[in-house]
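Novice: Fold the stuff below for me.
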Amino acid sequence: MENYFAVLLFSFTTAVTPGPNIIMITSSGLNYGIRKSMPHYLGVCIGLPVMVAAVGLGFDLVFHEFPFLHEIIKVTGIFYFFYLAYHVAAASGTSIHENKNKPLTFFQAAVFQWINPKAWIMATEAIAAYTTQDSDMLMQVYYVTLAFFLMMFPCTAVWLFFGVNLKKILKNEIQQRLFNLCMAVLLILSVAPVIIELVLKYFF
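Specialist: Model (predicted):
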């Protein structure tokens, strides 16, 4: 693939910049620590490249053929985002060992990519920008997917460790609860454009 550096740069910048995944993994790092957050971390790092591959291999054509399925995923995703926001806001803010709430599992984090608006943008834009009909599509999708696979692990780890180290700064329960509440609000705001889109489409 020509100019593969551009593909790596795109995957790096989209993976490391804030979005729903970053909000969730940072919060998980703060509330549960590295060991308990590992399934969540791996679910993100593997789940998103799998989504990129699926989109590249034509899975998005299913939604073009049956657009109502995408609408169902959007609505379901909104409710799941609110559930996750409550999950984040309700984190106790106490010692990691005393926290009785549970972080996301590998499966939950992987499936989360399919309702994550930023993940859809990342996947569709990467496939649209870095593949052409003139070359071997399968190999192009492989290289784009590989770029995300290589970048997701270090980029997501940065935010996981950032969340863990916030524990040293947010030293009391009130500060930690406030941080969790802010993360929950940001998570809701991240899906606000999708909510507005659906409201305008079906109610106006």
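
Novice: Least confident secondary structure element in the chain?
Specialist: Sorting the helices and strands of the chain by mean pLDDT, DSSP states H and E puts helix 60-65 at the bottom, at a mean of 73.

Novice: For that helix, C-alpha coordinates in CSV please.
Specialist: Output of helix 60-65 as CSV, limited to C-alpha atoms (Å, rounded to 0.1, in the frame of the first residue of the first chain):
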residue,chain,number,x,y,z
ASP,A,60,-21.5,-1.4,6.0
LEU,A,61,-23.2,-2.4,2.8
VAL,A,62,-25.7,-4.3,4.9
PHE,A,63,-26.7,-1.0,6.6
HIS,A,64,-27.1,0.7,3.2
GLU,A,65,-29.3,-2.1,2.1
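
Novice: Low-confidence ranges, this protein, go.
Specialist: Applying pLDDT under 70 to the chain flags residues 1-2, 60, 92-100.

Novice: make it 50
Specialist: Counting by pLDDT under 50, the chain has low-confidence residues at 95-97.

Novice: what about the residue of the chain most remote from its centre, which SS state?
Specialist: Within the chain, D134 marks the point farthest from the mean C-alpha position, 31.3 Å out by C-alpha atoms, centre = their mean. Secondary structure, DSSP: H, G, I helix; E, B strand; the rest coil: D134 is coil.

Novice: Phi, psi for it please.
Specialist: Main-chain torsions, D134, degrees, to the nearest 10: phi -80, psi -20.

Novice: how much space between L146 and M152?
Specialist: As defined by C-beta to C-beta, to the nearest Å, L146 lies at a distance of 11 Å from M152. From N, CA and C alone the C-beta is placed, and that goes for glycine too.

Novice: who's more crowded, those two?
Specialist: Applying other C-beta atoms under 10 Å to L146 and M152 shows that M152 carries more neighbours, namely 25 against 18.

Novice: Show the contacting residues for the more buried one.
Specialist: By C-beta atoms under 8 Å, 6 or more residues apart in numbering, M152 lies in contact with 11, 15, 44-46, 48-49.

Novice: looking just at contacts, which helices and strands does the longest helix belonging to the chain meet?
Specialist: The longest helix of the chain (DSSP state H) is helix 20-54. The helices and strands touching helix 20-54, judged by 3 or more C-beta pairs under 8 Å, 6 or more residues apart in numbering; DSSP states H and E, are helix 67-89, helix 106-112, helix 117-130, helix 137-169, helix 173-190.

Novice: Save these as a markdown table, and put in distance to I22 too.
Specialist: Below are the helices and strands packed on helix 20-54 laid out as a markdown table (distance: least, C-beta to C-beta, whole Å):
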| stretch | distance to I22 |
| --- | --- |
| helix 67-89 | 13 |
| helix 106-112 | 12 |
| helix 117-130 | 9 |
| helix 137-169 | 5 |
| helix 173-190 | 9 |
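
Novice: which of the contacts of M152 count as buried?
Specialist: Neighbour counting with 16 or more other C-beta atoms under 10 Å marks 11, 15, 44-46, 48-49 as buried within those.

Novice: coming back round to it: shared neighbours of L146 and M152, which are they?
Specialist: Shared contacts of L146 and M152, counting by C-beta under 8 Å, 6+ apart, come down to P49.

Novice: With that, I have no additional questions.
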